[in-house]
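predicted model and sequence follow; I will ask about them next.
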Amino acid sequence: MEKLPTTVEEGKTNAIISYITIIGTIVALILNNSKKNAFASFHIRQMIGLCILQILNGWVVTRFLGVFVGGAITLILLVLWIIGFMGALKGEEKLVPVVGAQFQDWFKGI
């Protein structure tokens, strides 16, 4: 589904903000609540999912499987973050590979 250019332009700032750590995600979520924007919501959902995966990686994977495995997963999550961030900068609704569609489904209320 193609988004109208005004929708992308109106939501682009919040979409970019959402990729600046978990704090940026929370700020973008709050800013997007007053005037919902489909483009910003898409990227906020992607980043919420990535943040949750990173927290689980730090608390569970690194603790039980070791620093090497946790570090490898952190690098993978960094690549996924870059893909999502570049999509926001370009004005594209680009799902992060492997888990992006699940994030859209799990957090569809946002």
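Great, that's in hand. Numbering: from 1, shown residues only.

pLDDT-wise, which helix or strand of this structure ranks last?
Lowest mean confidence among the helices and strands of the chain (mean pLDDT, DSSP states H and E): helix 5-18, at a mean of 85.

in terms of secondary structure, what does that helix contact?
Secondary structure elements in contact with helix 5-18, counted by 3 or more C-beta pairs under 8 Å, 6 or more residues apart in numbering; DSSP states H and E, are helix 21-34, helix 38-56, helix 67-90. The way it works is simple: take the backbone N, C-alpha and C, and place the C-beta from them, glycine included.

per-residue confidence at the nearest residue to Val69 once chain neighbours are set aside?
Closest residue in space to Val69, ignoring its immediate chain neighbours: Val61 at 6.0 Å, by C-beta to C-beta, 6 or more residues apart in numbering. On pLDDT, Val61 comes in at 91.

that older thread, which stretch among the helices and strands packed on helix 5-18 comes nearest Gly109?
Of all the helices and strands packed on helix 5-18, the one in closest proximity to Gly109, counting by C-beta to C-beta, is helix 38-56 (9.4 Å).

now what about the helix or strand following that closest one, what contacts it?
Sequence order places helix 62-65 as the next helix or strand after helix 38-56, per DSSP states H and E. Around helix 62-65, the neighbours that count as contacts under C-beta atoms under 8 Å, 6 or more residues apart in numbering are 69-71.

same deal with stretch 39-51?
Contacts for stretch 39-51 (C-beta under 8 Å, 6+ apart): 3, 7-8, 10-12, 14-16, 18-19, 22, 24-25, 28-29, 31-32, 77, 80-81, 84, 87-88, 91, 93, 95-96, 99-100, 102-104, 106-108, 110.
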